[in-house]
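1. Based on what follows, work out the 3D shape:
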Amino acid sequence: MPPLIPIDDPDDPRIAAFRDIRERDLVRRDHLFVAEGEVVLNVLARSPLCRPTTLLLLDSRVAALAPLLDALAEDVPVHVAPRIVIDRIVGFPLHRGILALGRRVETPTPDDLLARLPAARARVLVLVGIANHDNMGGILRNAAAFGADAVLIDHASCDPLYRKAIRVSVGGALVVPFARLEVGRDPVELMRAAGLEPVALTPSGAERLADLPDLPRAALLFGTEGPGLPAATIARCRGIRIPMAGGFDSLNVATTSGIVLHHLAEQKSPR
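-> Sure, this is the predicted structure:
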């Protein structure tokens with residue numbers, strides 16, 4: 001276990017990066033992200049894609065976290081503070097009592113991720129204009145749960161490593177390989193060049209999800225709430241819809257991603 005560093009002064013410079021975290025994490029600094037809570041910290045400590053750089057813990061949580069702390073590298077500082085101090089540091093009541101700063105081990109490009117895809121079967125998610133952090137976190141949680149190989153995120157989508165997105169993903173954002181699409185990069189053309197069939201999820205799709213045949217290598221495109229994917233993008237993809245009760249035409253995008261990924265997972269490994 002790394003040595004514990006007691007903190008009794010909210011202005012201690014050693015924990016400056018945690019100060020007023022609610023405001024500061026709106027724009028990540030030094031390529032760091034904030035992980036909150038025991039479940040997420042467990043994922044971060046064991047992620048092959050990210051590593052913790054420093055921790056801030058409520059003193060009463062340390063004993064229960066001993067197995068987790070044992071998994072950390074010895075060079076990861078673990079700061080420990082009482083409730084009154086930790087709440088003043090972060091700027092709000094930290095009910096979970098667990099915060100960590102982390103860093104991605106690498107920042108791959110879309111081409112890097114596509115080059116690493118399995119040859120026989122692959123599942124890639126392409127996110128277009130996903131601006132809500134709850135939706136981003138939910139999609140990444142589903143991607144992790146159903147074994148997606150990669151997620152590509154356009155420039156109009158929100159940060160998957162924003163504190164709330166990571167929390168909603170229950171750490172999925174830290175274990176699913178993802179990359180940002182360059183501005184102006186055509187995702188449909190990119191998917192076809194990688195040998196993936198682009199599938200657009202849209203209420204106007206010509207095919208029902210239930211009728212979709214097994215696609216060994218597929219790229220699933222999801223658009224923003226409301227407008228959905230651009231019509232020009234849908235026209236160049238295989239359009240898939242999920243039928244709904246009369247008078248209702250759409251699902252939450254994170255819910256949609258879970259339904260579609262589960263369906264494809266069942267195709268690969270039927271019960």
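2. Name all residues that make contact with the closest residue in space to L113 that isn't next to it in sequence.
-> Excluding the flanking residues, the one nearest L113 by Cβ to Cβ, 6 or more residues apart in numbering is A150, at 4.2 Å. Heads up, the C-betas are built off the backbone N, CA and C, glycines and all. By Cβ atoms under 8 Å, 6 or more residues apart in numbering, A150 lies in contact with 113-114, 116-117, 122, 124-125, 176-179.
3. Same check on V105?
-> Going by Cβ under 8 Å, 6+ apart, V105 touches 48-51.
4. By neighbour count, which of these wins?
-> C50 (23 neighbours; other Cβ atoms under 10 Å).
5. what's the distance between that one and T107?
-> Using Cβ to Cβ, to the nearest Å, one gets 11 Å for the distance from C50 to T107.
6. and what of G195?
-> G195 is 24 Å from T107, by Cβ to Cβ.
7. Do you have the strands of this structure handy? List them.
-> 4-6, 32-36, 50-58, 78-81, 98-104, 122-128, 150-153, 178-180, 197-201, 207-208, 217-223, 238-241 (DSSP state E).
8. Make TSV from the ones you listed and add distance to G258 and mean pLDDT to it.
-> Formatted as TSV, the strands of the chain follow (distance: least, Cβ to Cβ, whole Å; pLDDT from 0 to 100):
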stretch	distance to G258	mean pLDDT
strand 4-6	39	95
strand 32-36	23	90
strand 50-58	23	95
strand 78-81	35	96
strand 98-104	25	93
strand 122-128	11	97
strand 150-153	14	98
strand 178-180	17	97
strand 197-201	12	97
strand 207-208	17	96
strand 217-223	11	97
strand 238-241	15	96
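9. Which among these is found nearest to V188?
-> strand 197-201 (5.0 Å; Cβ to Cβ).
10. same for that closest one, what does it pack against?
-> helix 187-193, strand 217-223, strand 238-241, helix 253-268 (3 or more Cβ pairs under 8 Å, 6 or more residues apart in numbering; DSSP states H and E).
11. do that again at 7 Å, thanks
-> Secondary-structure packing of strand 197-201 (3 or more Cβ pairs under 7 Å, 6 or more residues apart in numbering; DSSP states H and E): helix 187-193, strand 217-223, strand 238-241.
12. Name all residues that make contact with R103.
-> 31-32, 50-51, 53 (Cβ atoms under 7 Å, 6 or more residues apart in numbering).
13. Next one: it relative to C50, how far apart?
-> Distance from R103 to C50, by Cβ to Cβ: 7 Å.
14. coming back round to it: the residue nearest to L113 bridge partners, please.
-> V124 (DSSP bridges).
15. And for E207?
-> I240.
16. Find me the pLDDT at the residue most central in space within the chain, would you?
-> Among the residues of the chain, the one closest to the centroid is A173, at 2.5 Å (Cα atoms, centre = their mean). In this model, A173 is scored at 97, pLDDT.
17. Count residues in the vicinity of L69, would you?
-> Around L69 there are 18 residues (other Cβ under 10 Å).
18. Identify the residue spatially nearest to it, adjacent ones excluded.
-> M1 (4.7 Å).
19. Over to I234?
-> A200 is the one closest to I234 (Cβ to Cβ, 6+ apart), at 4.6 Å.
20. Show the contacting residues for the one you found.
-> 221, 229, 233-234, 237-240 are the contacts of A200 under Cβ under 7 Å, 6+ apart.
21. hmm, try it at 6 Å
-> 221, 229, 234, 237, 239 (Cβ atoms under 6 Å, 6 or more residues apart in numbering).
22. go on, R217?
-> Counted by Cβ under 6 Å, 6+ apart, R217 has contacts 122, 195-196.
23. where's it relative to G137, distance?
-> As for R217, its distance to G137 is 26 Å (criterion: Cβ to Cβ).
24. likewise A219?
-> 21 Å.
25. now do V85
-> From V85 to G137 the distance is 29 Å (Cβ to Cβ).
26. Now do stretch 103-115: distance from first to last residue.
-> Counting by Cα to Cα, to the nearest Å, you get 23 Å between the two ends of stretch 103-115.
27. And it, what's buried?
-> Within stretch 103-115, the residues scored as buried using 16 or more other Cβ atoms under 10 Å are 104, 108, 110, 113-114.
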